[in-house]
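Visitor: sequence and predicted structure below; questions after.
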Amino acid sequence: MTATPARLTPLTAMNSQIMGENPIFRQILGICSALAVTNLLFNTVLMCMGLIWAVVMSSITISVMRRWIPLRVRMMVQVLTIAAFVIMVDIAMRVWAPTVHVQIAAYVGLIITNCIIMGRLEAFAMKNRPSFSFMDGLGNGLGYAGVLVAVALFREALGFGSLFGYPLPALDLWWRQWTIMVVPPGAFFVLGLIVWAGRSYTLSREQAAAGAVESQVKK
Amino acid sequence: MIAQVTQQPVAASLIAILFAAAITDNILLTRFLGMCSFLSVSRQMKSALGLGLAVVFVTTATTAINSVLYRQVLIPLEKAYGVPADTMILILFIVVIAAFVQLMEMFIERVSLGLYFSLGIFLPLITVNCAILGSSLFMVTRQLDLLGSLIFGLGNGLGWWLAIMLMAGIRTRLRNARIPPALDGAGITLIIAGIMALAFMGYSGMIQVQ
């Protein structure tokens, strides 16, 4: 959260959150509520949509109200704001996807305690204008969703041989079920490997940037 | 005699609830709840122990309180006025947890300053610890009674404590290991957690979860 771009516009606020400051690669925050549903891609996408809605809307709300929230009770205000938007997600899911809702209802409720949302409200929305907070929340949500969808992609393809419930082509030729991808430990392994890949990428970029600066200084 | 016959299965089922919640259905390793503080606080045994004990206490207490409130307040309200209990639990539970943590903080501050300074920094972390809200929410989906939810909360807390202590021990040992820089920190912790989850789930043959 330290690297502030030279000129903060809504778009840079969003972009920095998707790649450089991605909440999962940087801090491994907020995987609690959603990682448990990543063995099916469809559930993951629904959860991520719910999370994006909650983070974006509560960012705007807190940002609009930021001058009137007393510091002492701000945690409570933030939690209740998030809870209100999560309840909307819960009701919407109950109406539009009742079969999925039965499976993941408890996890939808757990979006309330997702650390990313609290973190963004505390670190960004309390200090910035609504337009910036909107883009910041959206960038965070998208960066987070990207990683989780990647995890779900591997887990469903290897564990069930399908994507979004549709079987992959020529299954009997190449596919052998990886039971470990269906059970919870699979999520740890896949996420660990994805974090490894993501970190290597950002590290190599940082080293390249540092090298460029050094060579300029030498000249 | 009859009482003893009925007593036996109850006690057995309570032990089963405790064992399942703490080991085979570990809230951290199989449901990924409370991962944020797990990953950030598991660097040292001492802080892991402090946070773990606080989580055990808060989880047990709030799960029981929420169980009572759900049964005695929300269900009657739904029957009498049609207030949707499934929706209201989210607000009620999070308010109960936040209020409980706040009260506990004030109480500890009055009673023992030493404990307050060693435990105090973890208390704000606890309000947003998913494992505690999760324990209450799963209590509702499993439809446990008061005693059952007390044991269930205790099991969840103990399981969380056990997992973070084991991880802190392993990470202390890992300090001298040569790990690729990109994997160091969160990456290797996640992979170890995966292996730990496999070990914990290995016990699942011993017990039938509802």
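Guide: Thanks, I have the structure now.
Visitor: just the strands in chain A please.
Guide: Here chain A has its strands, by DSSP state E, at A:162-163, A:166-167.
Visitor: from the contact counts, what lies against the first one?
Guide: Right, the one you point to is strand A:162-163. helix A:130-160 (3 or more Cβ pairs under 8 Å, 6 or more residues apart in numbering or on different chains; DSSP states H and E). C-betas here are computed from N, CA, C, even on glycine.
Visitor: in the helix it packs on, what counts as buried?
Guide: Neighbour-count burial for helix A:130-160 flags A:130, A:132-152, A:154-160 (criterion: 16 or more other Cβ atoms under 10 Å in any protein chain shown).
Visitor: close to chain B, is the longest helix along chain A?
Guide: Counting by DSSP state H, the longest helix found in chain A is helix A:184-218. Yes. Helix A:184-218 comes into contact with chain B (Cβ under 8 Å from any Cβ of the partner chain), by way of A:184-189, A:191-193, A:195-196, A:199-200, A:203.
Visitor: measure how far that helix is from the centre of its chain, please.
Guide: Distance, stretch centre to chain centre, for helix A:184-218: 18 Å (Cα atoms, centre = their mean, to the nearest Å).
Visitor: report the closest residue of chain B relative to chain A.
Guide: B:Gly194 (3.1 Å; Cβ to the nearest Cβ).
Visitor: number of residues surrounding the residue lying closest to that residue once chain neighbours are set aside?
Guide: With Cβ to Cβ, 6 or more residues apart in numbering or on different chains as the criterion, B:Gly194 has its nearest non-adjacent residue at 3.1 Å, and that residue is A:Phe188. The number of residues packed near A:Phe188 is 25, by other Cβ atoms under 10 Å in any protein chain shown.
Visitor: same deal with the one 5 residues further on?
Guide: Neighbour count for A:Leu193, taken as other Cβ under 10 Å: 17.
Visitor: moving C-terminal from the helix or strand hosting B:Leu147, which element do we reach first?
Guide: B:Leu147 is located in helix B:146-174, with elements delineated by DSSP states H and E. Moving toward the C-terminus from helix B:146-174, the next helix or strand (DSSP H and E) is helix B:186-201.
Visitor: can you tell me what sits against that next one?
Guide: A:28, A:180, A:183-189, A:191-193, A:195-196, A:199, B:23-24, B:26, B:29-30, B:38-39, B:42, B:163, B:166-167, B:170-171, B:174, B:179, B:183 (Cβ atoms under 8 Å, 6 or more residues apart in numbering or on different chains).
Visitor: which of those residues are buried, as a PyMOL select command?
Guide: Here is the PyMOL command that selects only those of the contacts of helix B:186-201 that count as buried (16+ other Cβ under 10 Å):
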select buried, (chain A and resi 28+180+183+184+185+186+187+188+189+191+192+193+195+196+199) or (chain B and resi 23+24+26+29+30+38+39+42+163+166+167+170+171+174+183)
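Visitor: circling back to that earlier point, mind giving me the packing neighbours of the longest helix of chain A?
Guide: Here helix A:184-218 touches helix A:23-27, helix A:130-160, helix A:179-182, helix B:186-201, going by 3+ Cβ pairs under 8 Å, 6+ apart.
Visitor: for chain A, which residue gets nearest to chain B?
Guide: Closest contact between chain A and chain B, by Cβ to the nearest Cβ, is at A:Phe188 (3.1 Å).
Visitor: can you show me the helices along chain B?
Guide: Assigned by DSSP H, chain B shows helices spanning B:2-19, B:35-41, B:45-69, B:75-81, B:85-111, B:113-119, B:123-127, B:130-142, B:146-174, B:186-201.
Visitor: mind putting these into JSON lines with distance to A:Ile82?
Guide: As requested, those are exported to JSON lines (distance: least, Cβ to Cβ, whole Å):
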{"stretch": "helix B:2-19", "distance to A:Ile82": "30"}
{"stretch": "helix B:35-41", "distance to A:Ile82": "15"}
{"stretch": "helix B:45-69", "distance to A:Ile82": "18"}
{"stretch": "helix B:75-81", "distance to A:Ile82": "23"}
{"stretch": "helix B:85-111", "distance to A:Ile82": "9"}
{"stretch": "helix B:113-119", "distance to A:Ile82": "26"}
{"stretch": "helix B:123-127", "distance to A:Ile82": "12"}
{"stretch": "helix B:130-142", "distance to A:Ile82": "12"}
{"stretch": "helix B:146-174", "distance to A:Ile82": "22"}
{"stretch": "helix B:186-201", "distance to A:Ile82": "24"}
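Visitor: report the central residue of chain A.
Guide: Central residue of chain A (Cα atoms, centre = their mean): A:Tyr144, 2.1 Å from the mean position.
Visitor: quick check: that residue vs B:Ser47, distance?
Guide: Going from A:Tyr144 to B:Ser47 by Cβ to Cβ, to the nearest Å gives 26 Å.
Visitor: quick check, pLDDT for A:Ile69.
Guide: A:Ile69 is assigned 85 on the pLDDT scale.
Visitor: now it, nearest residue through space, not along the chain?
Guide: A:Val77 (5.2 Å).
Visitor: can you check A:Gly50 too?
Guide: Distance criterion Cβ to Cβ, 6+ apart; nearest residue to A:Gly50, sequence neighbours excluded, is A:Val89 at 3.9 Å.
Visitor: how many neighbours does the one you found have?
Guide: Per other Cβ under 10 Å, the neighbour tally for A:Val89 reads 21.
Visitor: any low-confidence regions in the chain?
Guide: With no chain named, the answer covers chain A. By pLDDT under 70, the weakly predicted segments of chain A are A:1-10, A:13, A:15-28, A:214, A:216-219.
Visitor: let's do chain B instead
Guide: By pLDDT under 70, the low-scoring segments of chain B are B:1-10, B:118-122, B:124, B:206-210.
Visitor: apply 50 and report the result again.
Guide: Residue ranges of chain B with pLDDT under 50: B:1-8, B:210.
Visitor: so what's the spatially closest residue to A:Pro130 that is not a sequence neighbour up against?
Guide: Spatial nearest neighbour of A:Pro130, excluding adjacent residues (Cβ to Cβ, 6+ apart): A:Ser63 at 4.4 Å. Shown in contact with A:Ser63 (Cβ under 8 Å, 6+ apart): A:125-126, A:128-130, A:132-134.
Visitor: burial count for B:Met45?
Guide: For B:Met45, using other Cβ under 10 Å, the count is 15.
Visitor: verify the stated contact: it with B:Ile170.
Guide: No. Contact criterion Cβ atoms under 8 Å: B:Met45 and B:Ile170 do not qualify, at 10.5 Å.
Visitor: please consider this matter closed, and thank you.
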